[in-house]
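Engineer: The sequence and its predicted three-dimensional model are supplied below.
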Amino acid sequence: RPQMFVYLSFRAGDRLLVHTKTSADWWWAELGGLCGYVPSSYLKQDVEDKDTSEDPWQDEEYFGSYGTLRLQLEMLSDRARTEAYRQVILANSAPLRGKVVMDLGCGTGVISLFCARLAQPKAVYAVEASSIAEHTETLVRQNGCEEVVTVFQGRAEELELPGRVDILISEWMGNCLLFEFMVESVLQARDRWLREGGMMWPSGASLCLVPCQALDYYTERMGFWEQPYGLDFTALQSLAQSEFFSRPRFSHLLQPEDCLATPCDVITLDMLTLHVTDLEKLRGQFTFIVEKAGTFHGFTSWFRVQFQSLERDKTTLELDTGPYSEPTHWKQTLFMLDGPISLLGGETVSGIILLHRNPVWRRHMTVTIQWSISSTEETGNCKASILYLLGVNHNSHLPHVHLYPFQTEDVECYL
Ligand SMILES: C[S@@+](CC[C@H](N)C(=O)[O-])C[C@H]1O[C@@H](n2cnc3c(N)ncnc32)[C@H](O)[C@@H]1O
């Protein structure tokens, strides 16, 4: 098994947040958005640090941002996303008749209104914690759906509904599928409100990954320093590496021709059987066979969610946020390598991906990718490895600037 140690650099006088006292000698701590191990003997408890008032769910910030029209507009203008939900309801309009639906995190109520308009459910419980819910009721009335749709303002976990539901529908997905961890609220609502044999929409979800080229991004951020205005600025390249490439690039639009292999699902979730505790650590494996020679700049990830039909033998619909589908507001997430690597057709890139939920800041997670390359002649030959840690900065504004990886220069990986 690979041994891996991630150290956190700090100076005398720094205030670190200790997440886990892993052993007597080494503690897992956070400083300035970065996490790593620190020697416990170098730390002294800050007696003034009694502030436990910070909410590990950051609900004020989180629901504050969903209370703005900016975010609601971004989601509603995402045609592929919104249309996928509309199509699911349309395709299931007959079996939805007379059913009770819960729309968890209804926002402006768009999914609830699709249900009421396109099918004939008995009732739709539209649940929303942010202040946008104050307007949702008006929208429900303006669209003549008040007989069917009832808006409940509050956190789903704390609300009382009139009774159990037949279908629990929600758009809970975040970057790298899980970020924001709204999925926990959905699972709790499922356990409390979904009747035996009821349906979850989405019914399944998967995280996808592919090794890829990212030449334009690489050239723009790294190649630039080679000869700007005829000057040699290459001394700034290592700084550029840590500033630009040690953090994932959200909102990356991967071109299909930049995929070096066929993408694969690295983690799959069944929304009926998934437990909240499963979310703490998820692990996936991958083996990619390089299909064409190219430059390996990094890995790109995205997600797919499935909507099983209410009728037996009917097609399962899917929302795919990957490079082969219509772009969504999530786009894709790019993890850049420290430096480009040439790959030959037939070589394999294999490894593991770990999603480790932050033990303190519950909407965040750490993503670790360990990988190696082998050619057919020399199997097991490890060319390089990379490790990224994301999502430890709890001071960032959610949900847009939210995940931060470890500075790779501070990381030591032993394979
Ligand atoms: C991704 S948005 C989807 C909004 C809307 N359903 C749509 O499709 O446009 C998720 C919404 O869920 C709400 N939300 C998240 N967690 C919640 C919870 N535990 N209880 C109630 N609402 C929640 C957020 O405030 C946000 O408006």
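Structural biologist: That came in fine, so what should we check first?
Engineer: now stretch 118-129, how far from the centre of its chain.
Structural biologist: When distances are taken as Cα atoms, centre = their mean, to the nearest Å, stretch 118-129 is centred 26 Å away from the chain's centroid.
Engineer: element containing I167, please.
Structural biologist: For I167, the enclosing helix or strand under DSSP states H and E is strand 165-170.
Engineer: just R312 next, same as before
Structural biologist: Counting by DSSP H and E, there is no helix or strand that carries R312.
Engineer: Could you pull up phi and psi at it?
Structural biologist: phi -60, psi 150 (degrees, to the nearest 10).
Engineer: circling back: neighbouring strands for the strand holding I167, and are they parallel or not?
Structural biologist: strand 100-104 (parallel), strand 194-201 (parallel) (DSSP bridges).
Engineer: can you give me how far it is from the chain middle?
Structural biologist: 22 Å.
Engineer: For the stretch 1-150 of the chain, which residues are neighbours of the ligand?
Structural biologist: Residues of the stretch 1-150 of the chain lying near the ligand by Cβ under 6 Å from any ligand atom: 63, 66, 75-76, 105-108, 110-111, 127-130. Heads up, the C-betas are built off the backbone N, CA and C, glycines and all.
Engineer: PyMOL command to pick out the buried ones of the residues you listed?
Structural biologist: Only the buried entries of those go into this PyMOL selection, using 16 or more other Cβ atoms under 10 Å:
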select buried, resi 63+66+75+105+106+107+108+110+111+127+128+129+130
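Engineer: Narrow the residues of the stretch 1-150 of the chain next to the ligand to those in strands?
Structural biologist: Judged by DSSP state E, the subset of these located in strands is 127-128.
Engineer: Closest one to E311 out of the residues of the stretch 1-150 of the chain next to the ligand, please.
Structural biologist: I111 (19.7 Å; Cβ to Cβ).
Engineer: That closest one touches A84, doesn't it?
Structural biologist: No: counting by Cβ atoms under 8 Å, I111 does not reach A84; the two are 10.6 Å apart.
Engineer: so can I have a markdown table of the residues of the stretch 1-150 of the chain next to the ligand showing pLDDT and distance to S170?
Structural biologist: What follows is those, written out as a markdown table (pLDDT from 0 to 100; distance: Cβ to Cβ, whole Å):
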| residue | pLDDT | distance to S170 |
| --- | --- | --- |
| F63 | 97 | 15 |
| Y66 | 97 | 13 |
| M75 | 98 | 13 |
| L76 | 98 | 16 |
| G105 | 98 | 6 |
| C106 | 98 | 9 |
| G107 | 98 | 10 |
| T108 | 98 | 14 |
| V110 | 98 | 12 |
| I111 | 98 | 8 |
| V127 | 98 | 9 |
| E128 | 98 | 11 |
| A129 | 98 | 12 |
| S130 | 98 | 14 |
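Engineer: export the strands paired with strand 165-170 to TSV and tack on mean neighbour count and mean pLDDT?
Structural biologist: Below are the strands paired with strand 165-170 laid out as TSV (neighbours: other Cβ atoms under 10 Å; pLDDT from 0 to 100):
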stretch	mean neighbour count	mean pLDDT
strand 100-104	26	98
strand 194-201	16	98
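Engineer: Give me the distance between E196 and the ligand.
Structural biologist: Counting by Cβ to the nearest ligand atom, to the nearest Å, the gap between E196 and the ligand amounts to 23 Å.
Engineer: What is the neighbour count of F335?
Structural biologist: 26 (other Cβ atoms under 10 Å).
Engineer: if I look at it, how far off is the ligand?
Structural biologist: Distance from F335 to the ligand, by Cβ to the nearest ligand atom: 23 Å.
Engineer: helix/strand/coil for the closest residue to M182 other than its chain neighbours?
Structural biologist: Excluding its sequence neighbours, the residue lying closest to M182 (Cβ to Cβ, 6 or more residues apart in numbering) is W172, at 4.1 Å. With DSSP: H, G, I helix; E, B strand; the rest coil as the basis, W172 sits in coil.
Engineer: OK, contacts around W172?
Structural biologist: Contacts of W172 were listed using Cβ atoms under 8 Å, 6 or more residues apart in numbering, and they are 104-105, 180, 182-183, 185-186.
Engineer: where does this structure dip in pLDDT?
Structural biologist: For the chain, the stretches flagged by pLDDT under 70 are 1-6, 20-24, 33, 47-52, 376-415.
Engineer: For the residue in it that the ligand sits nearest to, list the residues it contacts.
Structural biologist: Residue of the chain nearest the ligand, by Cβ to the nearest ligand atom: G105 (2.1 Å). Going by Cβ under 8 Å, 6+ apart, G105 touches 127-129, 156, 170-172, 182, 185.
Engineer: at 6 Å what do you get?
Structural biologist: G105 makes contacts with S170, as judged by Cβ atoms under 6 Å, 6 or more residues apart in numbering.
Engineer: next one: M102
Structural biologist: 125, 165, 168, 193.
Engineer: would you turn those into TSV with neighbour count?
Structural biologist: Listed next are these as TSV, based on neighbours: other Cβ atoms under 10 Å:
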residue	neighbour count
Y125	24
V165	26
L168	25
W193	21
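Engineer: I'd like a version of these in a markdown table, one that adds distance to V148 as further columns.
Structural biologist: Below are the contacts of M102 laid out as a markdown table (distance: Cβ to Cβ, whole Å):
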| residue | distance to V148 |
| --- | --- |
| Y125 | 10 |
| V165 | 13 |
| L168 | 17 |
| W193 | 18 |
